[in-house]
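Asker: Kindly return the folded structure for what I paste below:
(chains A, B, C and D)
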Number of protein chains: 2
Amino acid sequence: MLKYEEIAQKIEQTIVDKKLEQGKKLPVLEHLMTEFQASKSTVMKAVSLLEKKGLIYQVRGSGIFVRKQKREGYIRFTNQGFSGELRRFNITAKVLELDIRKPTEEVAENLNIDLTDDVYYVKRVRYISGQTLCLEESYYNKSIVTYLNHEIVQGSIFDYISEGLGQKIGFSDMYMHINKLKREEAELLELNEGDPKLFVETIFYLNNAQPFDYSKVTYNFEQSQFFFQSTGYSL
Amino acid sequence: MLKYEEIAQKIEQTIVDKKLEQGKKLPVLEHLMTEFQASKSTVMKAVSLLEKKGLIYQVRGSGIFVRKQKREGYIRFTNQGFSGELRRFNITAKVLELDIRKPTEEVAENLNIDLTDDVYYVKRVRYISGQTLCLEESYYNKSIVTYLNHEIVQGSIFDYISEGLGQKIGFSDMYMHINKLKREEAELLELNEGDPKLFVETIFYLNNAQPFDYSKVTYNFEQSQFFFQSTGYSL
DNA sequence: GAGTGGTCTAGACCACTTA
DNA sequence: AAGTGGTCTAGACCACTCC
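Answerer: Got it, this is the predicted structure:
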């Protein structure tokens, strides 16, 4: 673990431990430098990381302060999309389908592969505290995600990819629509046809920009409470 | 303008000018350092800024590459929420109401003010290439946003706040729901009652964490195509 | 004007990719 | 092994806030 990550983590921990409220001031930079035996740049980098995460804000000439969200019960949208955050909640998954198949044109296009290549197809319904949260269809490039089984698919596929397969996950593109539920979707989500839906397509890329996962997720509108934090107004 | 911002802007410009495609490699760091007469850290900072914006990605030991989104016609979700990006599109606004009033409890809570303080209330419908995009109700803390009129409200209120009033905009919290349109909303958006809606509440803060704008926006689901880019998978 | 955050530099050293 | 990105340091200097 890098030094600035470690410092960031420790600062975060003290915010949590001491239950610091919105607006509380953190120690000044110089203090943090001696406390963590690090240079100014390193501490700044740690602090900027926390700012990016929305945990603190810095005011030039004044200090570093704690930032806290007010409302509870919202799923936070992070750098990893919604899925990263879902660990905090009690999420379970029911696997409906899992097989190896040839991609459709749409899938091949998004995964940047050939129609003759193989993909893993996974269809799941995910539940949050007993209620349906979303319906998810994912396509994994089999030449990257070489093996999947029911057990893996029941849990966090991403943990498996990064830890089990040693692949480095890079970034992702998300496309979001609002629309009405079709009959089949409504049944699986235990809602009515024509109800609102949040539809999100995501393409996940490795470190080296190779797409490995294309997924289409339909969210239950009743559970769809999301929270975003923006940092820094530029331009 | 800061040196690293300037460098970032120039690099961005060359990507646009030379129409560089996804995966194209940029000059190596050393080259950029001499080209822009800057230290490694400064160039790195510029490059990281562009990475955060989703324009490039860096692969350790390999190089810096151009990142491009595939699909057209989506509204990009940026650090400033959707509104920042809307300038790229042809957006107009029709002002329905504009007055000074006392806040409701909900508004007072979100703006962190007293029930006896004054707020500016603005209600607008915004159009994108002739079609309704969203219905927007905003409450501005009058002790910060001291003056508004019809002309200002027709354009970009944020430009006015930062340039006209000299206030420094800091960060924001966004809360998002999916739901069904009520009758009045449907009429204003030229849709049908019960149609899906994307409902977004945003609290905008100044630099010093004082909230100055609480706004509630209902998006037309037919126009609601949003695009997000995530960078870096951590944890 | 004192205090505090933020930029910038030059250079040492490390980590990963490519071949 | 060579090339390239990334971390870290020490210190100079600048910009903003608060008293």
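Asker: Which positions in chain A make contact with DNA strand C?
Answerer: Contacts of chain A with DNA strand C, taken as C-beta under 7 Å from any atom of the strand, map to A:26, A:28-30, A:40-41, A:44, A:47, A:58-64, A:168, A:207-208. No exception for glycine: its C-beta is placed from N, CA and C like everyone else's.
Asker: Out of those residues, which are close to chain B?
Answerer: A:41, A:59, A:62, A:207-208 (C-beta under 8 Å from any C-beta of the partner chain).
Asker: how is chain A carved up into domains?
Answerer: A:3-66, A:75-227 (automatic domain parsing).
Asker: Which stretch among those approaches B:Phe227 most closely?
Answerer: Proximity to B:Phe227 (C-beta to C-beta) singles out domain A:75-227 among these, at 5.8 Å.
Asker: follow-up on the earlier one: ranked by average pLDDT, which of the domains of chain A falls at the bottom?
Answerer: Sorting the domains of chain A by mean pLDDT places domain A:75-227 lowest, at a mean of 90.
Asker: Between the two ends of that one, how far is it?
Answerer: End-to-end span of domain A:75-227 (C-alpha to C-alpha, to the nearest Å): 6 Å.
Asker: who are the neighbours in contact with the residue in chain A that chain B sits nearest to?
Answerer: Of all residues in chain A, A:Pro196 sits closest to chain B, at 3.3 Å by C-beta to the nearest C-beta. Residues near A:Pro196 by C-beta atoms under 8 Å, 6 or more residues apart in numbering or on different chains: A:178-181, A:221, B:178-180, B:195-197, B:221.
Asker: Go again with 10 Å.
Answerer: Each residue near A:Pro196 by C-beta atoms under 10 Å, 6 or more residues apart in numbering or on different chains is listed here: A:178-181, A:219-222, A:224, B:177-181, B:194-198, B:221.
Asker: Could you verify my assumption that A:Met44 touches A:Gln58?
Answerer: Yes - the pair A:Met44 / A:Gln58 is scored as a contact, 9.2 Å apart, by C-beta atoms under 10 Å.
Asker: Give me the common contacts of these two.
Answerer: Common neighbours of A:Met44 and A:Gln58 (C-beta under 10 Å, 6+ apart) are A:Leu29.
Asker: which one's the longest helix in chain A?
Answerer: Longest helix of chain A, by residue count under DSSP state H: helix A:3-17.
Asker: Can it be said to contact DNA strand D?
Answerer: Yes - Helix A:3-17 is in contact with DNA strand D by C-beta under 7 Å from any atom of the strand, via A:3-4.
Asker: what's the answer for stretch A:171-185, then?
Answerer: No - Stretch A:171-185 lies out of reach of DNA strand D by C-beta under 7 Å from any atom of the strand, never closer than 12.1 Å.
Asker: from the middle of its chain, how far away would that stretch be?
Answerer: 16 Å (C-alpha atoms, centre = their mean, to the nearest Å).
Asker: Please export the C-alpha coordinates of that stretch as CSV.
Answerer: Written as CSV, here are the backbone C-alpha positions of stretch A:171-185 (Å, rounded to 0.1, in the frame of the first residue of the first chain):
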residue,chain,number,x,y,z
PHE,A,171,-12.3,2.2,-15.8
SER,A,172,-15.8,2.1,-17.1
ASP,A,173,-18.4,3.8,-19.3
MET,A,174,-22.0,4.0,-18.1
TYR,A,175,-25.1,4.9,-20.2
MET,A,176,-28.3,5.6,-18.4
HIS,A,177,-31.9,5.8,-19.6
ILE,A,178,-35.3,6.1,-18.0
ASN,A,179,-38.1,4.0,-19.5
LYS,A,180,-41.1,1.8,-18.8
LEU,A,181,-40.9,-1.8,-17.7
LYS,A,182,-41.6,-4.6,-20.2
ARG,A,183,-43.8,-7.5,-19.0
GLU,A,184,-41.0,-10.0,-18.4
GLU,A,185,-38.9,-7.4,-16.5
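Asker: List the buried residues for it?
Answerer: Neighbour-count burial for stretch A:171-185, counted by 16 or more other C-beta atoms under 10 Å in any protein chain shown, picks out A:171-181, A:185.
Asker: Could you restrict the residues you listed to the ones contacting chain B?
Answerer: When C-beta under 10 Å from any C-beta of the partner chain is applied, the members of those adjacent to chain B are A:171-181.
Asker: Show me which of those is closest to B:Asn149.
Answerer: Nearest member of those to B:Asn149, counting by C-beta to C-beta, is A:Ile178, at 33.6 Å.
Asker: all strands of chain A, in order?
Answerer: Applying DSSP state E to chain A gives strands spanning A:56-59, A:63-66, A:75-76, A:91-101, A:119-128, A:131-141, A:169-180, A:196-206, A:211-220, A:225-230.
Asker: Out of those strands, the one nearest A:Leu20 is which?
Answerer: Nearest to A:Leu20, of all the strands of chain A, is strand A:63-66, at 4.6 Å by C-beta to C-beta.
Asker: how far does the closest one sit from the chain's center?
Answerer: Distance, centroid of strand A:63-66 to centroid of chain: 26 Å (C-alpha atoms, centre = their mean).
Asker: and the residue of chain A nearest DNA strand D?
Answerer: Closest contact between chain A and DNA strand D, by C-beta to the nearest atom of the strand, is at A:Gly61 (2.2 Å).
Asker: Now do the same contact list for that residue.
Answerer: Contacts for A:Gly61 were tallied using C-beta under 10 Å, 6+ apart; there are none.
Asker: quick revisit: please indicate which of the residues of chain A next to DNA strand C are buried?
Answerer: A:26, A:44, A:47, A:58, A:64, A:207.
Asker: just those residues now: which is nearest DNA strand C?
Answerer: Using C-beta to the nearest atom of the strand, A:Gln58 is the member of those that sits closest to DNA strand C, with 3.5 Å.
Asker: Excluding chain neighbours, what is closest to the closest one?
Answerer: Distances taken as C-beta to C-beta, 6 or more residues apart in numbering or on different chains place A:Ile64 nearest to A:Gln58, at 5.1 Å, with adjacent residues excluded.
Asker: ok, that neighbour touching A:Val28?
Answerer: Yes - counting by C-beta under 10 Å, A:Val28 is a contact partner of A:Ile64 at 7.9 Å.
Asker: Within range of DNA strand D, give me the residues from chain A.
Answerer: For chain A, the residues in contact with DNA strand D (C-beta under 7 Å from any atom of the strand) are A:2-4, A:37-42, A:45, A:59-62.
Asker: Can you tell me which of these end up in helices?
Answerer: Mapping the residues of chain A next to DNA strand D onto helices (DSSP H) picks out A:3-4, A:40-42, A:45.
Asker: Determine which two of the residues you listed are furthest apart.
Answerer: Farthest apart among these by C-beta to C-beta are A:Lys3 and A:Lys40. That separation is 12.9 Å.
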